[in-house]
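Undergrad: Below: sequence and its predicted model.
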Amino acid sequence: MPHSTPTAPSPDTLAALRERLAAAPNGVLEAVAAETGVSLLTVTECLPDAFRAFAPGETAEAAMLDMAEWGTVTVLVHSADLVLECKGPLPRGQVGRGFYNLAGGSPIGGHIRLDRCRNVGFVRRPFMGSADSASVVFFNGDGEAMFKVFVGRDAARQLLPDQVERFEALKARLCGTPHPIA
């Protein structure tokens, strides 16, 4: 399936997005992208600096292998037609036949084209009434999310502290120095 190249948003659009997200960073970012006609990556870049960081797409496999040690997470795929969530431990995977193949033993499984990942985003922000949300977002070359992996929550809907530590450590390791978005 061909992929379109998004048009670069105007400076006015970016300024308006930054202002909007500084005032209200807790909405559905895909809805903001659709409403403003920009990519999800552009919207994510417009979040306040404290809420996001990026690593190059080449770090996607390292991120996946690290998250396989976190325990129960939520994997989310969001399209115009569906928001699909699956909770479970992220299986370790390996590259073969052009895919990153997730091993069995979890409700989460499949085959991912990690070679299409251009940026790995680390997003930690308030979300729709919850105090905190933390996700690792795998962005393709079109600036859209391939999928997201969310830090797990306890019975009181609070982020799991050990996973937050792992999230922050992975972010520091992979994002170390800010890099230009591909």
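TA: Done, it's in.
Undergrad: need the strands for this structure, in chain order.
TA: Counting by DSSP state E, one finds strands in the chain at the ranges 52-56, 72-78, 83-89, 93-96, 99-102, 110-112, 117-127, 130-140, 145-150.
Undergrad: wait, which of those strands is closest to Phe167?
TA: Distance to Phe167, taken as Cβ to Cβ, is lowest for strand 130-140 among the strands of the chain, at 5.1 Å. C-betas here are computed from N, CA, C, even on glycine.
Undergrad: now the angle from that closest one to strand 72-78?
TA: Orientation note: strand 130-140 sits at an angle of 60 degrees relative to strand 72-78 (axes from the mean of the first three to the mean of the last three Cα atoms, to 10 degrees).
Undergrad: what bits of this structure have low per-residue confidence?
TA: Low-confidence regions of the chain, defined by pLDDT under 70, span residues 1-7, 129-130, 177-182.
Undergrad: If we use 90, what do you get?
TA: 1-10, 24-28, 79-80, 103-105, 126-132, 157, 176-182 (pLDDT under 90).
Undergrad: The longest helix belonging to it: which residues count as buried?
TA: As far as residue count goes, and with DSSP state H defining each element, the longest helix of the chain is helix 161-175. For helix 161-175, the neighbour count (16 or more other Cβ atoms under 10 Å) marks Gln163, Val164, Arg166, Phe167, Leu170, Lys171, Leu174, Cys175 as buried.
Undergrad: again, but for stretch 55-63
TA: The neighbour-count criterion (16+ other Cβ under 10 Å) identifies Ala55, Pro56, Gly57, Thr59, Ala60, Glu61, Ala63 as the buried residues of stretch 55-63.
Undergrad: gap between the two ends of it?
TA: Stretch 55-63 has an end-to-end distance of 10 Å (Cα to Cα, to the nearest Å).
Undergrad: residue closest to the middle of the protein?
TA: Residue closest to the mean C-alpha point of the chain, counted by Cα atoms, centre = their mean, is Val137 at 1.2 Å.
Undergrad: Against Ser10, how distant is that residue?
TA: Counting by Cβ to Cβ, to the nearest Å, the separation of Val137 from Ser10 is 24 Å.
Undergrad: Next: Gln94.
TA: 43 Å.
Undergrad: Kindly report the same for Gln158.
TA: When Cβ to Cβ is applied, the distance between Gln158 and Ser10 equals 40 Å.
Undergrad: Same question for Phe127.
TA: Taking Cβ to Cβ as the measure, Phe127 and Ser10 are separated by 28 Å.
Undergrad: Please apply the same query to Cys86.
TA: 37 Å.
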